[in-house]
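# here's a sequence, model it:
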Amino acid sequence: MSEQSNTDPVELASDLTIAWLSNPNNRAAMDDVSTFLRKMHADVIELSGGVASADVASEEPASEEFTPAVSVRKSLASKDHIISLIDGKPYRTLRRHLSTHGLTPEEYRARYNLKADYPMVAPTYSEQRRAMAHKIGLGAKGRAARNAPAEAPAPKPARKPRAKAAPTA
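Numbering: from 1, shown residues only. Below is the predicted model:
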């Protein structure tokens, strides 16, 4: 098996990119293919001992600019749901939706330049959950503890000492 030691880096990078894309377990958007090819080309040149050109090597994807599907104002227009800025669909709570996209609420807020108090749960849904929690008694212990210092606790009645049982013969 004879190999050429002077292989063209562009050809080698394109072959590697084609092999990577032909794997059914790898998924890539159309825009990512050219970035991947450039990165692969820079890596091939670097591994072959050459120096990658400055424009290719330094072309790391800068912080991506995400455009929201709807405006922030429209996302909070309804009390029954919050519209996701990712896909424009309504959700009562965004936490599970964000986790499917690999985001935390803080990352989501940072991605779309939202304020720290941007809600993750629709107001109506939050009120329903609150009412249900009160109905089943959650938080009653905390309310009782807050109200207890205002009321003087009743003294406990003194216990009578028990008489010892007589020994049986």
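
# ok, which stretches of the protein are strands?
82-83, 90-91 (DSSP state E).

# could you list the domains of this protein?
Domains of the chain are assigned by automatic domain parsing as 9-57, 66-146.

# any chance of CSV for the ones you listed, columns mean pLDDT, distance to residue 164 and mean neighbour count?
From N, CA and C alone the C-beta is placed, and that goes for glycine too. Below are those laid out as CSV (pLDDT from 0 to 100; distance: least, C-beta to C-beta, whole Å; neighbours: other C-beta atoms under 10 Å):
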stretch, mean pLDDT, distance to residue 164, mean neighbour count
domain 9-57, 77, 80, 13
domain 66-146, 92, 40, 13
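
# any chance of those domains in JSON lines, plus distance to residue 157?
Output for those, formatted as JSON lines (distance: least, C-beta to C-beta, whole Å):
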{"stretch": "domain 9-57", "distance to residue 157": "73"}
{"stretch": "domain 66-146", "distance to residue 157": "22"}
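
# that older thread, let's have the strands of the chain in a markdown table, adding distance to residue 38.
Rendered in a markdown table, the data for these read as follows (distance: least, C-beta to C-beta, whole Å):
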| stretch | distance to residue 38 |
| --- | --- |
| strand 82-83 | 36 |
| strand 90-91 | 37 |
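
# cheers, nothing more for now.
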